[in-house]
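> everything below, folded, please.
(one chain, ligands or ions: 1)
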Amino acid sequence: MKTLVLGIIGLVLVSSTFILKESNNQPARSQISKIQQNKKDAVVYICKGPKSYAYHSRSRCSGLNNCSTEIYEVNESEALSMRRTACQKCH
Ligand SMILES: [Zn+2]
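Numbers count the residues shown, from 1 in each chain. Model (predicted):
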């Protein structure tokens, strides 16, 4: 069991070193993907009421005032996959 755990730790270390090496070789490319990643993972706020169609950058947006359910915090990519569009008031 101990050997297995050590083996997994070793594998993780090796793969993270490899990823680090990869990004050092291609600084420009990794920077772009990092920006896209950040944008994709932005936290947005949605209401799950039947009339809700937008996602919000602020939980206190006036567009959420009439929300009949709780306000949920999700990633922007999740909101997009729920066919939500960016709120005109806070984006
Ligand atoms: Zn809004």
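
> looks to me like Gly63 is in a helix.
Yes: counting by DSSP: H, G, I helix; E, B strand; the rest coil, Gly63 is part of a helix.

> who in the chain is up against the ion?
Residues of the chain found near the ion (Cβ under 5 Å from the ion) are His56, Cys61, Gly63, Cys87, Lys89, Cys90. In this view, the C-beta of every residue, glycine as well, is placed from N, C-alpha and C.

> show me what contacts the nearest residue to the fourth one once chain neighbours are set aside?
Just to be clear, that refers to Cys87. Excluding its sequence neighbours, the residue lying closest to Cys87 (Cβ to Cβ, 6 or more residues apart in numbering) is Ala54, at 4.2 Å. The contact partners of Ala54, taken as Cβ atoms under 8 Å, 6 or more residues apart in numbering, are Ile46, Gly63, Arg84, Thr85, Ala86, Cys87, Gln88.

> drop anything exposed from the residues you listed.
For the contacts of Ala54, a burial check counting by 16 or more other Cβ atoms under 10 Å picks out Ile46, Gly63, Arg84, Cys87.

> show the contacting residues for the third one.
Same thing as Arg84. Ile46, Ser52, Tyr53, Ala54, Tyr55.

> closest one to the ion out of the residues you listed, please.
If you rank the contacts of Arg84 by distance to the ion using Cβ to the ion, Ala54 comes first, at 6.2 Å.
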